[in-house]
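Participant: A structural model of the following input is requested.
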Amino acid sequence: MLSTMPDFPLTLRHIFEHGRDTYPGSRIITLTENGQQEITFADLAKRVGKLANALAKAGVGPDDRVATFAWNNQEHQEAYFAVPCSGAVLHTVNIRLAAPDIEYIVNHAQDKVLLLDAALAANIAPALPNCPTLEKIVVFGEGDRSVLGVDYVEYEDFIADESEDFAWPDLDERSAAAMCYTSGTTGRPKGVVYSHRSTFIFTLGMASGESLKMNYQDRVLPIVPMFHGNAWGLPYICWMVGADLYLPGVYAHAPRIARVITDEKITVAGAVPTVWWDVLHLPEGNYDLGSLRMILCGGSASPRSLIEAYQKRYGATFAAGWGLTETHPIASLAFPPRDATPDEALDYQATAGQVLAGVEVRIVDTDGVPVPRDGESVGEIEVRGPWVTTSYYLDPAEDKFHDGWLRTGDVGTIDERGYLRITDRAKDVVKSGGEWISSLELESALTQHPDVKEVAVIASPDTRWGERPLACVVLREGSTVTPDELRTFLTGKVAKWWLPDLWTFIENVPRTGVGKYDKKLLRDQLAQGGLAVASTGGQAATK
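Facilitator: Here you go, the predicted structure:
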């Protein structure tokens, strides 16, 4: 028996038209050097039509790739709709990648047009001579264009004479809407192509009561970049529900973030843990973050101490998210069960949380056999669902996918309530004496020490045990601490045999292009003798 319901296509055009027609007065606000520029949904929609017509006149047709290289700003938001709704594919290029990686992904994606934020011209200029598929470069915003060394057209000139009305095509919901590339820390970046259908369903899921509970009364600040996993979907979610969207542009630094939250009464904001630490450590009394009802945090594990600090100081719900570029990129959120005590609730919030409706998860052992959901059995996390990719662009990568499941490379457990606890990345786990030591749990415990700003734990070769944990510690300004003091602090918080014997004090933890700890670089520095390693019993370190 078939239903009486139609096969109504789930495309971004419907999100675009819904926001335009239902919430015409909602606003897109972009931060500027001395203030902000503002535009309503209705007026931005007119510019979206003009951009779509300009791209078509420039030869962009169905399935052609249009790259963006930009901060979070109004023009980027316009591209978020104009490109995919016209049938082309939006390719958001990570601005933090090195020139060789930028060249590789632009050429691999065969981008036809580049929409470029002038503030980033110097970042991409070295790559442009080696990107032959680019036929047109369109530049907007403030910045030095002279460094480009190639022909370009100004964005406002590009769209100036175009009509605000565009004949939006009827698209197959399975067709490509956007693409992102992984950071490429273990080889060449891999392309993940999001469909209209997957983006539509993901947007619904993230706006739902199970997730961010967003509506038109919210004022949302996505600090997470629009070039990384579509800013966790926030630009589309805000448009769907009519929430005001604040885009920080180049001004995504802690004092400006805190000022905007204070002055504009931001209710929802999303960023990686490093940003929330920086905001937390601003001088108290200068800012009031009490308007925040929801803090979305992802990209790396959210320490329990960070969650507790924000909830005690501001009363905000802290939602730690887990996922990958391959999962659109959020697959789970960490909200505590309703029967948890306050202390238990914090423990649950420091997990990877429960997968969102539609996503399926399982833990498998080294033979690929699912293990019990008992919170103790450890294995690799695998996921599948309507917004989880089943391959990479032009690269099947069969070692990463099987039977519709994505092998995430994350190691962890799942309990009877469905809470995921990620104990490590498969490549980062410390294997000591045949047993696994979680670098993430050691890092979480160490960041609770008042003198520790951040820490990354990596494996150091050991003749007896195979590997032992090496703690790479960044101290807070003015702090003095010894390895013995840190080891004592850890005692009782983790298993005794997990306690690090080796320590190094560094200025900062290196990061990848998407803001995650670059442990590969730390391991390379260790192998090359570039880290000053001290054993327990060493001298005090001071910063």
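
Participant: gap between Leu280 and Lys112?
Facilitator: Distance of Leu280 to Lys112, given as Cβ to Cβ, to the nearest Å: 43 Å. All C-beta atoms are positioned from the backbone trio N, CA, C, and that covers glycine.

Participant: compare those two (neighbour count), which wins?
Facilitator: Neighbour count, other Cβ atoms under 10 Å: between Leu280 and Lys112, Lys112 has more, with 21 against 17.

Participant: my guess is that one contacts Asp64, does it?
Facilitator: Yes: because the distance of 4.8 Å satisfies Cβ atoms under 8 Å, Lys112 is recorded as touching Asp64.

Participant: what's around Pro126, how many residues?
Facilitator: Other residues close to Pro126 by other Cβ under 10 Å number 15.

Participant: correction: Asp451
Facilitator: The local packing of Asp451 (other Cβ under 10 Å) involves 17 other residues.

Participant: now the end-to-end length of stretch 245-254.
Facilitator: 18 Å (Cα to Cα, to the nearest Å).

Participant: ok, now stretch 425-442?
Facilitator: Span of stretch 425-442 from end to end, Cα to Cα: 13 Å.

Participant: now it: buried residues?
Facilitator: 425, 428-430, 432, 437-442 (16 or more other Cβ atoms under 10 Å).

Participant: max pairwise distance over the residues you listed: which two?
Facilitator: Arg425 and Ser432 (16.3 Å; Cβ to Cβ).

Participant: grab the longest helix from the chain for me.
Facilitator: Assignment by DSSP state H gives helix 41-57 as the longest helix of the chain.

Participant: which helices and strands does the helix or strand following that one pack with?
Facilitator: Using DSSP states H and E, the next helix or strand after helix 41-57 towards the C-terminus is strand 65-69. Counting contacts by 3 or more Cβ pairs under 8 Å, 6 or more residues apart in numbering; DSSP states H and E, strand 65-69 packs against helix 74-85, strand 89-92, helix 99-109, strand 111-117.

Participant: gap between the residue nearest the centre of the chain and Glu382?
Facilitator: Taking Cα atoms, centre = their mean, the centroid of the chain lies closest to Gly299, which sits 5.0 Å from it. Distance of Gly299 to Glu382, given as Cβ to Cβ: 21 Å.

Participant: again with Gln36
Facilitator: Separation of Gln36 from Glu382 (Cβ to Cβ): 43 Å.

Participant: compare the two (neighbour count), which wins?
Facilitator: Comparing Gln36 with Glu382 by other Cβ under 10 Å, the one with more neighbours is Glu382, at 22 against 18.

Participant: so which elements touch the helix or strand the more buried one falls within?
Facilitator: According to DSSP H and E, Glu382 maps onto strand 379-384. Helices and strands touching strand 379-384, by 3+ Cβ pairs under 8 Å, 6+ apart, are strand 360-364, strand 405-414.

Participant: at 10 Å what do you get?
Facilitator: strand 360-364, strand 401-402, strand 405-414, strand 420-425 (3 or more Cβ pairs under 10 Å, 6 or more residues apart in numbering; DSSP states H and E).

Participant: strands paired with the longest one, and their directions?
Facilitator: According to DSSP bridges, the neighbouring strands of strand 405-414, each with its direction, are strand 379-384 (antiparallel), strand 401-402 (antiparallel), strand 420-425 (antiparallel).

Participant: in TSV, list those along with distance to Thr341 and mean pLDDT.
Facilitator: As requested, those are arranged in TSV below (distance: least, Cβ to Cβ, whole Å; pLDDT from 0 to 100):
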stretch	distance to Thr341	mean pLDDT
strand 379-384	27	95
strand 401-402	40	92
strand 420-425	18	83
